[in-house]
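S.K.: Below is the structure, and that's it, no one-letter string:
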């Protein structure tokens, strides 16, 4: 049989479609490699300025405060309350980042971008193979969506590049802990791509079977163009290998879905979308898809079992029906969210990091959004019947959004741009293919311009992520009534020198919007405690926070610290520290503060030592715990050497602490034969902090008693007087030293 005859036979087996020319293997492969390179370069270009973006919002719980990522042995058991809860593969990826670079931001961003690029490449493969598909049966002709390979490659490239550089994707790529979305998206796309490859392998096997039945030749004979005889494998052997390859790809599809299960729960919709893809582009009907591949679909559905296990404890991530949010209110809010997602897909402005917890409570408020949504859903249902490919694209958008944008409440974040990560692909595909159908190849120039424009917007958006101050200022500017955004901006301002009053303003504005925010009351208390004369106001805020949330251990601890500064506040402070430890037994700061309070009570120093010891069991590298334990041991008879050892350990952790060097100097001065070491510690403290009055004074007191060093003592006392000119103690020390010097000089004469 000639090559042309064989091509016609293949087309016939594929479902009676018009004969299609066999694409040149090398040109197809070359086009795919070139397209892949363009996708990678486009992603690198638009995300090159994102690598220094700080940890924000959920990143703290997922990464910086997540102890399980510090050891691979615990990485598969993430804390349930964090973003990583029930997502062991996500947590493992953070553990890999931590092992390679600690908390270095570059590595986390590079990994996020790598995942995004891989997802873009797989999306390219899915779209290209679907557009140029020969998988369809006679009953499924892809609704006039079949293209020549020469058309399919640039169109798939346009879809993939626009999807990769779209600014709506920044939240899933630049916001580090939202790696959950992009990682799940990668495995979601791989699930479908492996299915497609499996179907292509099955088709090849069927074609070879038909060739065998028709008695086709098993070898090529030499000809003028190919003087060397080349033998092909027998048709039956090639069919066996093709069938084996198909089975492996189908198994890989189930495996990819399982990996997605360990990344994020949205993968729950993947078996549904693969089944719909099969019906639309391959089998022609749900019945045929099930009859031909029921074992495969049982395997996909089987991934729901481990997913159900991983979703245990979902309520700890503020999701589920037990979050105090009515399902109907969340459903009404989701109508608004989905319509806004669609709008941002087509016009990505303004983009907001955190939309807040605003929920729609009345149906009338949601009516316009619900009507738009109902019309769109009706259109998808009709399209699935009459234009299956368009219907599939519409279903892709809505089905993937359904788990987070329907009736199951996500209390703290009813809307998030990262959720559109995969759904965006269908919008982009419809725009690209629709425009190409209207204007043909001239649309390729439009696609290139669109990619450049969207890429520029992505670069601008990544600049907003460049610092916590920038991203939260941007969020407040776009959502001024967002209490949580104002509170987070206050937290950022609080750490900037000179911006503490501005932080107080933001906290107070947040509480005017929502007075029930316990964390904001607590943070306002922390800010007020640092302002002169505002400690009583700070204590009032701590108490307000505890009124809202009695289990806020940090507020108990901070209130206890404030009470330690008050007259007769010691007993109440101890009660607050104890309450904090009942709530959070591994709270290191509470153990340390309780130890400090107990050390002030005669006879309770052993309990103080026990509290410091408990803190060090939790965190052996706690500088404060080593210092506190050193102070307590120094006041315990016979424990002076242990006290010195604790301070030496503390200084190995933080060698630039002038206060620790000063305290160690004081302990050494009481140890037999260690006076030179004490002097050295005081001198080190003064090198680190030249205006350290107490160090000047103590060093002067030591030197005044050492023959020949009286002039040095006077210099230190003079320095102390310059620092505190109104201190009677420093002035008295200077007078005593000068008198001693005069007497010494008179004796010499």
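M.R.: Everything's here; your move. Nothing here was measured: the structure is a model prediction, and the numbers come from that model.
S.K.: what residues are up against residue 36?
M.R.: By CB atoms under 8 Å, 6 or more residues apart in numbering, the contact set of residue 36 is 121, 124. C-betas here are computed from N, CA, C, even on glycine.
S.K.: That one: helix or strand, and which one exactly?
M.R.: helix 25-47 (DSSP states H and E).
S.K.: which residue sits closest to the spatially most central residue of the chain, ignoring its sequence neighbours?
M.R.: Centroid-nearest residue in the chain: residue 177, 0.6 Å away (criterion: CA atoms, centre = their mean). Counting by CB to CB, 6 or more residues apart in numbering, residue 62 is the residue found nearest to residue 177 once chain neighbours are left out, at 4.1 Å.
S.K.: With residue 116 instead?
M.R.: Residue 116's closest residue in space is residue 173 (CB to CB, 6+ apart), at 4.8 Å.
S.K.: Same check on residue 556?
M.R.: residue 580 (3.9 Å).
S.K.: Would you confirm that the one you found contacts residue 560?
M.R.: Yes. Under the contact definition of CB atoms under 8 Å, residue 580 touches residue 560, with a separation of 7.1 Å.
S.K.: Find residues that contact each of those two.
M.R.: By CB under 8 Å, 6+ apart, the residues touching both residue 580 and residue 560 are residue 590.
S.K.: related to what we said a few turns ago, could you name the helices and strands sitting against the strand or helix carrying the residue nearest to residue 556?
M.R.: In this structure, residue 580 sits in helix 570-583 according to DSSP H and E. Packing partners of helix 570-583 (3 or more CB pairs under 8 Å, 6 or more residues apart in numbering; DSSP states H and E): helix 553-564, helix 588-599.
S.K.: Now render those helices as CSV, adding mean neighbour count, distance to residue 525 and mean pLDDT.
M.R.: Formatted as CSV, the helices and strands packed on helix 570-583 follow (neighbours: other CB atoms under 10 Å; distance: least, CB to CB, whole Å; pLDDT from 0 to 100):
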stretch, mean neighbour count, distance to residue 525, mean pLDDT
helix 553-564, 23, 6, 96
helix 588-599, 24, 15, 96
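S.K.: Hmm, the residue nearest to the centre of the chain is touching residue 64, no?
M.R.: No. Using CB under 8 Å, residue 177 is not in contact with residue 64; the gap is 10.3 Å.
S.K.: which stretches of the stretch 151-300 of the chain aren't confidently modelled?
M.R.: Applying pLDDT under 70 to the stretch 151-300 of the chain flags the ranges 204-243.
S.K.: Not counting sequence-adjacent ones, nearest residue to residue 322?
M.R.: According to CB to CB, 6+ apart, the nearest residue to residue 322 is residue 315 (5.3 Å).
S.K.: circling back to that earlier point, ok, the residue nearest to residue 556 to residue 265 distance?
M.R.: 33 Å (CB to CB, to the nearest Å).
S.K.: Give the other helices and strands that the helix or strand that residue 660 is a member of contacts.
M.R.: Element membership for residue 660, per DSSP H and E: helix 658-669. On a contact count with 3+ CB pairs under 8 Å, 6+ apart, helix 658-669 meets helix 623-634, helix 640-653, helix 675-688, helix 693-703.
S.K.: Put together CSV for those helices, with mean neighbour count and distance to residue 487 on each row.
M.R.: Formatted as CSV, the helices and strands packed on helix 658-669 follow (neighbours: other CB atoms under 10 Å; distance: least, CB to CB, whole Å):
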stretch, mean neighbour count, distance to residue 487
helix 623-634, 24, 27
helix 640-653, 18, 32
helix 675-688, 19, 36
helix 693-703, 22, 38
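S.K.: May I see those helices organised as a markdown table, with mean pLDDT and distance to residue 55 added?
M.R.: A markdown table is the format used below for the helices and strands packed on helix 658-669 (pLDDT from 0 to 100; distance: least, CB to CB, whole Å):
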| stretch | mean pLDDT | distance to residue 55 |
| --- | --- | --- |
| helix 623-634 | 95 | 22 |
| helix 640-653 | 95 | 23 |
| helix 675-688 | 94 | 30 |
| helix 693-703 | 91 | 37 |
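S.K.: could you dump those to CSV with distance to residue 471?
M.R.: Formatted as CSV, those follow (distance: least, CB to CB, whole Å):
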stretch, distance to residue 471
helix 623-634, 31
helix 640-653, 32
helix 675-688, 35
helix 693-703, 42
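S.K.: Assign a three-state SS to residue 364, would you?
M.R.: Here residue 364 is recorded as helix under DSSP: H, G, I helix; E, B strand; the rest coil.
S.K.: Against residue 198, how distant is it?
M.R.: In this view, residue 364 and residue 198 are 50 Å apart by CB to CB.
S.K.: One more: residue 461?
M.R.: Using CB to CB, residue 461 is found at 38 Å from residue 198.
S.K.: So for the two, which residue has more residues nearby?
M.R.: Applying other CB atoms under 10 Å to residue 461 and residue 198 shows that residue 461 carries more neighbours, namely 25 against 21.
S.K.: Is that one part of a helix or strand, or is it coil?
M.R.: helix.
S.K.: Give me the pLDDT value at it.
M.R.: Here the pLDDT value assigned to residue 461 is 98.
S.K.: Tell me if I'm right that it and residue 351 touch.
M.R.: Yes. With contact defined as CB under 8 Å, residue 461 counts as touching residue 351 (5.8 Å).
S.K.: joint contacts of these two?
M.R.: Joint contacts of residue 461 and residue 351 (CB under 8 Å, 6+ apart) are 167, 170.
S.K.: Same question for stretch 269-279: list its buried residues.
M.R.: For stretch 269-279, a neighbour-count test (16 or more other CB atoms under 10 Å) marks 269-271, 273-279 as buried.
S.K.: Throw these into CSV and include distance to residue 435, thanks.
M.R.: Putting those into CSV (distance: CB to CB, whole Å) gives the following:
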residue, distance to residue 435
269, 28
270, 29
271, 32
273, 24
274, 28
275, 29
276, 25
277, 23
278, 28
279, 27
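S.K.: hang on, the earlier thing: okay, the angle between the helix holding residue 580 and helix 553-564?
M.R.: Orientation of helix 570-583 against helix 553-564 (axes from the mean of the first three to the mean of the last three CA atoms, to 10 degrees) gives an angle of 170 degrees.
S.K.: what's the angle between helix 570-583 and helix 588-599?
M.R.: Using the same axes, to 10 degrees, helix 570-583 lies at 150 degrees relative to helix 588-599.
S.K.: what residues does the strand or helix carrying residue 541 touch?
M.R.: Assigned by DSSP H and E, residue 541 belongs to helix 535-548. Identification of contacts with helix 535-548 by CB under 8 Å, 6+ apart yields 516-519, 521-522, 524-529, 552, 555-556, 558-559, 562-563, 565.
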